[in-house]
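Q: Sequence first, predicted model second:
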Amino acid sequence: MTPKQFRIQTLNAIDAAGLSRFPDDRYEVGAGVQNPHALLLRSANLHDTPIPESVLAVARAGAGTNNIPVAALTERGVPVFNTPGANANAVKELVVGMILVNSRGTLGGINWVLDNAQDPDIVRDAERNKKAFVGHEAIGRKVGVVGLGAVGSKVANALVSLGLDVRGYDPYLSVEHAWQLSRSVKRVDSLDELCRDADYVSLHVPSKDDTVRMIGARQIALMHEGAMLVNYARADIIDEDAVAAALKDGRLGSLVCDFATPKTTRMPRTMITPHMGACTNEAEENCAAMAVSQMKDYLESGIIRNSVNYPDCDLGPVTSGLRIAALHDNVPNMIGQITAVLARYDANIRRMSNEAQDGSAYTLIDLDGRLDDGAVADLRPIPGIYRIRVLEPPREATRA
């Protein structure tokens, strides 16, 4: 049997429709694949798992990458891809639904019915007891949305359309998401300003050094008494001890979250779902399809899109000649050193792109014709070079 060009190891159950985008004639895909060129996963924890030297890329069919050793892979020249926005609609629908449902005494009412299911006079008794579950309408109330990215912007827009008074806070708001945001969403300049007198605060930020426990006693004290805190982002962006205390004394009315932890499950007035914010058939297919597309583009053409540790860089497919892909440290004179090596071997550069992101950088160089193997050998020892890849056009493109 002829070996496949690329080997993809799946570490979780990945949507079959997404996996079908890997061409059967060139890709070997499955959980048992050995010496993989790439890893495709969802929740598998790679921090304590040896990652083979053969791996060129890692892709997560989802947004968060806390389960992946991103820093270590960066220094190995391995891009880590995620799928921002692919599951945004699923999370938005659940968040909006939770806000509306939990503004009423819905959970208490449901539990009352379950507890009294055997009561022969349940119709009469329900009428007598329903006042215990009186809630309030959400329309017109003030909601603060923290993080206006793929999910947060959709949540903010949906709540505006329902008639809520929406504030948004995101110091890193991208141009793309700014264009998508409704003009009725009022942007504020600080987290404190957003929390002040808010009836609801909904969190949509990743877990990073500056977001861990970002909602604590100070922010809760600024909210309207009895406010609802909604966390469908990451478990550690709330200070659980402060939230528990505020729920106990009534300062916080309720916690609605997607994270069942030893502390949240013991808190009063909570509705907790089992990390199911993105659990829809559509979201799983969208995430898988997006991850597969990004992985194919990188393995075949060196194109990077939606990497969390390397910048976007796209010269299109490799159509002729040869392409050099260099993953390297973001330091001065790196391009000069690379091109000097190529010049020594009389390589003609047809086009080039270099992009940097934080401490890492990525360079794509298209060459006319072939390249002496000695040139590649001389590129790899350059200080700060993490990995050099040599990409050729597909056979059909070469024949054309």
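A: Arrived safely. Numbers count the residues shown, from 1 in each chain.

Q: Every contact and neighbour count from this point should use C-alpha atoms.
A: Will do.

Q: so what pLDDT did residue 397 get?
A: Residue 397 carries a pLDDT value of 45.

Q: Would you map the helices across the chain?
A: In the chain, the helices defined using DSSP state H lie at 16-19, 70-74, 88-102, 106-115, 122-129, 150-161, 175-180, 191-195, 217-222, 240-249, 281-301, 334-344, 373-379, 395-399.

Q: and residue 360, which of those helices is closest to it?
A: helix 70-74 (7.6 Å; C-alpha to C-alpha).

Q: still on that earlier bit, need the helices of the chain in JSON lines (columns: mean neighbour count and distance to residue 322).
A: Listed next are the helices of the chain as JSON lines, based on neighbours: other C-alpha atoms under 10 Å; distance: least, C-alpha to C-alpha, whole Å:
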{"stretch": "helix 16-19", "mean neighbour count": "16", "distance to residue 322": "28"}
{"stretch": "helix 70-74", "mean neighbour count": "17", "distance to residue 322": "24"}
{"stretch": "helix 88-102", "mean neighbour count": "19", "distance to residue 322": "38"}
{"stretch": "helix 106-115", "mean neighbour count": "14", "distance to residue 322": "62"}
{"stretch": "helix 122-129", "mean neighbour count": "11", "distance to residue 322": "75"}
{"stretch": "helix 150-161", "mean neighbour count": "23", "distance to residue 322": "36"}
{"stretch": "helix 175-180", "mean neighbour count": "12", "distance to residue 322": "33"}
{"stretch": "helix 191-195", "mean neighbour count": "21", "distance to residue 322": "50"}
{"stretch": "helix 217-222", "mean neighbour count": "18", "distance to residue 322": "55"}
{"stretch": "helix 240-249", "mean neighbour count": "18", "distance to residue 322": "54"}
{"stretch": "helix 281-301", "mean neighbour count": "21", "distance to residue 322": "10"}
{"stretch": "helix 334-344", "mean neighbour count": "15", "distance to residue 322": "12"}
{"stretch": "helix 373-379", "mean neighbour count": "14", "distance to residue 322": "12"}
{"stretch": "helix 395-399", "mean neighbour count": "10", "distance to residue 322": "11"}
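
Q: where are the low-confidence patches of the stretch 251-400 of the chain?
A: 395-400 (pLDDT under 70).

Q: What segments of it are strands?
A: Taking DSSP state E, counting those that start in this stretch to define them, one finds strands in the stretch 251-400 of the chain at 252-257, 270-272, 322-329, 348-357, 360-368, 385-391.

Q: Now the phi/psi pair for the residue nearest the centre of the chain, please.
A: By C-alpha atoms, centre = their mean, the chain has its centre lying nearest to residue 63, at 1.5 Å. Dihedral pair for residue 63: phi -90, psi -50, per degrees, to the nearest 10.
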